[in-house]
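**Student:** Below is the structure, and that's it, no one-letter string:
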């Protein structure tokens, strides 16, 4: 192997090394961005859980209110049916 050939091999190796380093850097940045997005998503999920937990008492209260309204409507409907039968 001549010195010129050796220098060509060294230059080719240097070019290949630079290209692979750039590829690795690009992949590392993609990986870091993905991890960052996962962390953000986990934080958002925790915020949503806390928000839903805060709404739970209100949901329970509204459910009770609806049940009471339905009971009142049933009683009123029965009263109306009785009155209707008397009128007929």
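**Tutor:** It's in. Predicted, not measured: the structure shown is a model, and the values here were computed from it.
**Student:** which element is residue 13 on?
**Tutor:** helix 3-87 (DSSP states H and E).
**Student:** Need the pLDDT of residue 19.
**Tutor:** You'll see residue 19 listed with a pLDDT of 97.
**Student:** Hmm, I typed the wrong one, I wanted residue 84.
**Tutor:** Listed pLDDT for residue 84 reads 83.
**Student:** likewise the one 3 residues further on?
**Tutor:** The model reports residue 87 with a pLDDT of 80.
**Student:** can you check residue 56 too?
**Tutor:** Reported pLDDT for residue 56: 94.
**Student:** gap between it and residue 24?
**Tutor:** 48 Å (C-beta to C-beta, to the nearest Å). Quick note: C-beta positions are derived from backbone N, CA and C, even for glycine.
**Student:** Now do the buried residues in stretch 60-79.
**Tutor:** By neighbour count with 16 or more other C-beta atoms under 10 Å, stretch 60-79 contains no buried residues.
**Student:** when you give positions from now on, start the count at 94
**Tutor:** Done: numbering now begins at 94, and the last item shifts to stretch 153-172.
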